[in-house]
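K.L.:
just the structure for this:
(2 chains)
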Amino acid sequence: MSENGALCGTYFLNGDEPCAEGAMSAGCRFFAGYPITPATEVAERMSERLPHVGGIYVQMEDEIASMNAILGASWAGMKSMTSTSGPGFSLMMENLGLGVMLETPCVVVNIQRAGPSTGLPTLTAQGDMMQARWGSHGSYEIIALVPSSPQEIFDLTIEAFNLSERYRVPVLVMSDEAVGHMSEKVVIPEIAPENLVTRPRPNDGREGYLPFKANDDLIPPMAIAGEGYRFHVTGLTHDERGYPVMTAEAQDKLVRRLVDKIRVHRNDIIKYEEIGVEDAEVIVCAYGISARIARLAVQQAREESVRVGLLRLITVWPFAEDRIRELAQQVKAFVVPEINYGQIVLEVERCAAGKARTLLVEHMGGSVHNPQTILDAIKKVAK
Amino acid sequence: MSTREIRISGFGGQGVVLSGQIVGQAASIYDNGFSTLTQSYGPEARGGSCTAEIVISSEPIGYPYVQNPDVLIILSQEAYNKYKNSLSPDALMIIDPDLVNSDADQTPAPLAIPATRMARELGRAVVANIITLGFLAAVSDIVSLEALKNSVLTSVPKGTEEFNTRAFETGYNYGLEHGKRNGVTGG
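P.N.:
A predicted model of the protein is given here:
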């Protein structure tokens, strides 16, 4: 075991397990959750390993409490995480909004399964992508990352912690059952401390500390409970002191900053992978497990001389808006396969703004796409 | 890039997913290649249909699902009925004949190992999957014998290594004796 508690080495792991390992490598020392298929293995691994690295695992009574517990732990100075799936993710939504409002770094992992409601507990879907964006009430921005492999779950869970600490916002890891329950080779490296981000901390005196006074980058330094700073936090609209102010002006000032602190940094946040887009007339835009299925369809289409490329979204929120706008100038069409009835396709269509056609390849969940359906869609729009 | 595909299918409780885990780990960790294991099962803890699919390659794997299996290990009648058709002529099918009645005209003809019965005779029915993997090692080169053995040893509960090694060797020896298909080694 390395100094930070990571089990460095090469393993054959299912996706849920390196999610837990990534969290511990990132310095997560508090996990609160409630087991739910197909995310149970994340909690299981945390319960087994966290005590060995000096962390705390709490199995809560439900997901509402789990979300609250990780917010509390974060204010006590710990990097904290929970993991869940569909029904549990729905229960977390209110307090996810509290996390946004209180600018609380934390990571929420959703190993998506097919819904609505209990749906297909053991089978995959990507039906929570818009819920990730808009699931809590009010205007806000959030960060959501989508891994395509067990290795990438490890990498992106670390990234999720770094982004949440940097921007003081809950970060969502939106995996799915197919990736969460897929086993592959995972390399767990030693993560150098300089590759881990910790939240900005106040450096002026405790006297007159303003907990929500932002720096020029729109992010306020965060004091830790128990260190002698006197401050108040509330889910009510508040001023720089953290006190409730029930006016339109206070609302405008606070909420605008909560949104803008993500928007202005979007180019530092957004990541994607491109394959063969240079000469492409058609772009398949996909994420998570669907990107791996799409990649096969893209290869097959290339073999049939169709000029098609793959844009694999790694960050889904904030959306890779600028890149889609650029590509829309170049290509005839976007093909968007997703395991839902059309969610991210709406964003692609919005950003394409009529410059390029957009075609959804939908799938209701329970399995992944047949690559042939994606290939057919590529050929249809390439004509 | 050479890609090989294995499908193991039966019902929950037979160790289907663990078998997949052992084969996948053997290929990617002990044989230094790449492999992807995917699994499908229902919400039941035991008794529902259960399938593990392993794709093995010398390079990182994009598409992670089995399309045209090189090896099938079939442990229930339901799984047999589902997967018996459209097999490539050189596919290797392994069945437990006490659990699966295969068609007389099944092509390619399956290899049979009564692993569940043999496991009971050894003293513990739970090692049927390990016996089957020993058999696989004897009749196929899809993963190396050493890799598979190592993978078994690191996957079974501590304290059961010796018993599982015996189970593995029982299956392996049975495979050497009964596992020839017209002189062709499958997989």
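K.L.:
give the residue spans of chain B that score low on pLDDT.
P.N.:
Counting by pLDDT under 70, the ranges of chain B that qualify are B:1, B:43-46, B:181-187.
K.L.:
one more pass at 50, please.
P.N.:
Residues of chain B meeting the criterion pLDDT under 50: B:182-187.
K.L.:
quick one, helices of it?
P.N.:
For chain B, applying DSSP state H gives helices covering B:16-25, B:77-83, B:115-122, B:128-139, B:145-155, B:161-178.
K.L.:
how about the nearest residue to A:V336, chain neighbours excluded?
P.N.:
A:V345 (4.0 Å; CB to CB, 6 or more residues apart in numbering or on different chains). To be clear about C-beta, it is placed using only N, CA and C from the backbone, and glycine gets the same treatment.
K.L.:
A:C351 is in contact with that neighbour, correct?
P.N.:
No. A:V345 is not in contact with A:C351 according to CB atoms under 8 Å; the separation is 10.9 Å.
K.L.:
hang on, A:G366 in a strand?
P.N.:
No. Remark: A:G366 does not belong to a strand; assigned using DSSP: H, G, I helix; E, B strand; the rest coil, it is coil.
K.L.:
so it makes contact with A:T122?
P.N.:
No. Counting by CB under 8 Å, A:G366 stays clear of A:T122, with 9.5 Å between them.
K.L.:
so A:V336 bridges to which residues?
P.N.:
A:L360 (DSSP bridges).
K.L.:
how close does it get to B:A112?
P.N.:
To B:A112, A:V336 is 47 Å away according to CB to CB, to the nearest Å.
K.L.:
report the central residue of chain B.
P.N.:
Among the residues of chain B, the one closest to the centroid is B:I73, at 4.7 Å (CA atoms, centre = their mean).
K.L.:
what's near enough to touch that one?
P.N.:
B:6-9, B:19, B:94-95, B:132, B:136 (CB atoms under 8 Å, 6 or more residues apart in numbering or on different chains).
K.L.:
can you check A:P116 too?
P.N.:
A:P116 neighbours (CB under 8 Å, 6+ apart): A:G127.
K.L.:
so A:P371 touches A:I293, yeah?
P.N.:
Yes. Using CB under 8 Å, A:P371 is in contact with A:I293, at 5.4 Å.
K.L.:
those two: which is more packed in?
P.N.:
A:I293 (27 against 21; other CB atoms under 10 Å in any protein chain shown).
K.L.:
let me see the contact set for the more buried one.
P.N.:
Counted by CB under 8 Å, 6+ apart, A:I293 has contacts A:286, A:337, A:368-369, A:371, A:374, B:63.
K.L.:
can I get those residues in a markdown table including distance to B:T38?
P.N.:
Shown next, in a markdown table, are the contacts of A:I293 (distance: CB to CB, whole Å):
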| residue | distance to B:T38 |
| --- | --- |
| A:A286 | 18 |
| A:P337 | 18 |
| A:V368 | 9 |
| A:H369 | 14 |
| A:P371 | 15 |
| A:I374 | 18 |
| B:Y63 | 11 |
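K.L.:
now a PyMOL select for only the buried ones of those residues.
P.N.:
To isolate in PyMOL the members of the contacts of A:I293 that are buried, counting by 16 or more other CB atoms under 10 Å in any protein chain shown, one can use:
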select buried, (chain A and resi 286+337+368+369+371+374) or (chain B and resi 63)
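K.L.:
helix or strand: which one has A:G88?
P.N.:
Assigned by DSSP states H and E, A:G88 belongs to helix A:86-101.
K.L.:
could you give the mean pLDDT of that helix?
P.N.:
The average pLDDT within helix A:86-101 is 98.
K.L.:
same check on stretch A:65-76?
P.N.:
98.
K.L.:
stretch A:376-383 now?
P.N.:
Here the average pLDDT along stretch A:376-383 is 96.
K.L.:
good, we can wrap up now.
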